[in-house]
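K.L.:
need a structure here:
(4 chains)
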2 protein chains.
Amino acid sequence: MKPSARAKLLDAALGTIREKGYSATSVDDLCARAGVTKGAFFHHFKSKDALAVAAADHWSETTAGLFASAAYHDPADPLDRILAYVDFRKSLIDGEIAEFTCLVGTMVQEAYGASDDIRGACWRSIAGHAETLEADIAAAIEKYNVGGITPESLALYTQASIQGAFILAKAKNDPGVAIDMIGHLKRYIELLFKPEGREARRP
Amino acid sequence: MKPSARAKLLDAALGTIREKGYSATSVDDLCARAGVTKGAFFHHFKSKDALAVAAADHWSETTAGLFASAAYHDPADPLDRILAYVDFRKSLIDGEIAEFTCLVGTMVQEAYGASDDIRGACWRSIAGHAETLEADIAAAIEKYNVGGITPESLALYTQASIQGAFILAKAKNDPGVAIDMIGHLKRYIELLFKPEGREARRP
DNA sequence: CTTTCGATACCAACCGGTTGGTATGTTGTC
DNA sequence: GACAACATACCAACCGGTTGGTATCGAAAG
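P.N.:
Numbers count the residues shown, from 1 in each chain, chains lettered A, B, ... in the order given. Next up, the predicted model:
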């Protein structure tokens, strides 16, 4: 089955918007990259903003598949699963910057004030992914007897740290700085759950 | 002394670019907000990109003044100074999102691939500000005998966390989530330097 | 089985408005 | 009168979006 124009446009959007930003990406850019015409674009999306919302949703589904099938869910200990997630995020940082950075994190900075639909789609993507971490965090909080944080808050903080790491990588034009930043995130989680000299509460 | 067109344009850029993003901000937008004409714009800046570089530099100078005169430098203990800095950053999060978020963090996401001059100016702004934290971090590392991190890396991580907090605030359209994220940054620094003094543990 | 018909998918050409940028003044100051 | 600091008028290219039309399909009618 040959890919439809709609699917090709969505894939083109993931790449082009991460390279050039949302506003700087023209409808013609997307059509050229997807190999379709403008008529096809506006047949499938009623506006450029509507494509952005669809692209954010497409991004959510794509990344959800990637993370659901990843190996970081395997460890028996919930803290180990969280740390494996962080390591997995670190391992994804490779190659061109536009290939490992986050579509919705890029897009929401430009669109939050102009389109509530786009902003909402980006938030759903970020918050929805963060939610997939909450069960492990809640289990680790229970097992290691940690107070003062909520699973939701820490899950969102992992995403904030990673988004910030991407910004620094773009600014320095160096993926290495993003890896270094995520190292701090990992250290925070380790310190939070395993302070020196204390062991986990044995069940 | 009445403000020159150049100064008015730079001030207009700080506001407008944070509201709408760099690409979506037109030269006409800036001229209208600054109350000057297009001729004045291109008299002072040879291109829109050149204004972006100047705006990033102007941002660096403006924020440098704000932070240099802030009270967080007062505590005698270097760790207290770092924590006071984090509290100060938290206290700045108030009002409209475009008023407390970071110009260069917003701009670099759009421009890193298109203009190396803009990207470099943004990196200088972020890295330059991070450097102002390094002396206190180095002193705290020495005083509290902490290993495994460098002052430069931790200083950059504070900026990454804060930039990520801004992204989440934009996505959720809620400054509160940014404040919550910076709370995690503060906890990380506390755990890093004072692992034995954890207050957050449940009895 | 064939024909008709409506719906979907797609295309090339085009539209009015906006874009960053320029060319040519005019004004105020030394 | 020289020169910086603006303003006015303008342009070619590009923008998001619309137009009228074609190709291809499955379902239903004959």
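K.L.:
give me phi/psi at the residue in chain A that DNA strand D sits nearest to?
P.N.:
Residue nearest to DNA strand D within chain A: residue A:26 (3.1 Å; C-beta to the nearest atom of the strand). Where you see a C-beta, it was placed from the backbone N, CA and C, and this is true even at glycine. In terms of degrees, to the nearest 10, the main-chain angles of residue A:26 are phi -90, psi 160.
K.L.:
Now do it, the pLDDT please.
P.N.:
Per-residue pLDDT puts residue A:26 at 93.
K.L.:
Residue A:4 now?
P.N.:
Predicted confidence (pLDDT) for residue A:4: 79.
K.L.:
From residue B:103, how far off is it?
P.N.:
40 Å (C-beta to C-beta, to the nearest Å).
K.L.:
Based on its surroundings, how many neighbours for the residue of chain A closest to DNA strand D?
P.N.:
Using other C-beta atoms under 10 Å in any protein chain shown, residue A:26 is surrounded by 12 other residues.
K.L.:
Over to residue A:130?
P.N.:
Burial of residue A:130 is recorded as 21 neighbouring residues (other C-beta under 10 Å).
K.L.:
any idea of the mean pLDDT in the longest helix along chain A?
P.N.:
With DSSP state H setting the assignment, residue counts place helix A:116-144 as the longest helix in chain A. Per-residue pLDDT over helix A:116-144 has a mean of 97.
K.L.:
what ranges of chain A fall below the confidence cut-off?
P.N.:
In the predicted model of chain A, residues A:1-3, A:195-203 satisfy pLDDT under 70.
K.L.:
Do any residues in the helix or strand following the longest helix of chain A lie close to chain B?
P.N.:
Downstream of helix A:116-144, the first helix or strand assigned by DSSP states H and E is helix A:151-172. Yes. Helix A:151-172 reaches chain B (C-beta under 8 Å from any C-beta of the partner chain) through A:153-154, A:156-157, A:159-165, A:167-168, A:170-172.
K.L.:
Quick one: the strands in chain A, in order.
P.N.:
Counting by DSSP state E, chain A has no strands to list.
K.L.:
Return the residues of chain A in contact with DNA strand C.
P.N.:
Proximity of chain A to DNA strand C is confined to A:4, A:5, A:6, A:36, A:37, A:38, A:39, A:40, A:43, A:44 under the rule C-beta under 7 Å from any atom of the strand.
K.L.:
And these, which two are furthest apart?
P.N.:
Across these, the longest distance by C-beta to C-beta is 16.1 Å; it joins A:4 and A:38.
K.L.:
gap between residue A:110 and DNA strand C?
P.N.:
14 Å (C-beta to the nearest atom of the strand, to the nearest Å).
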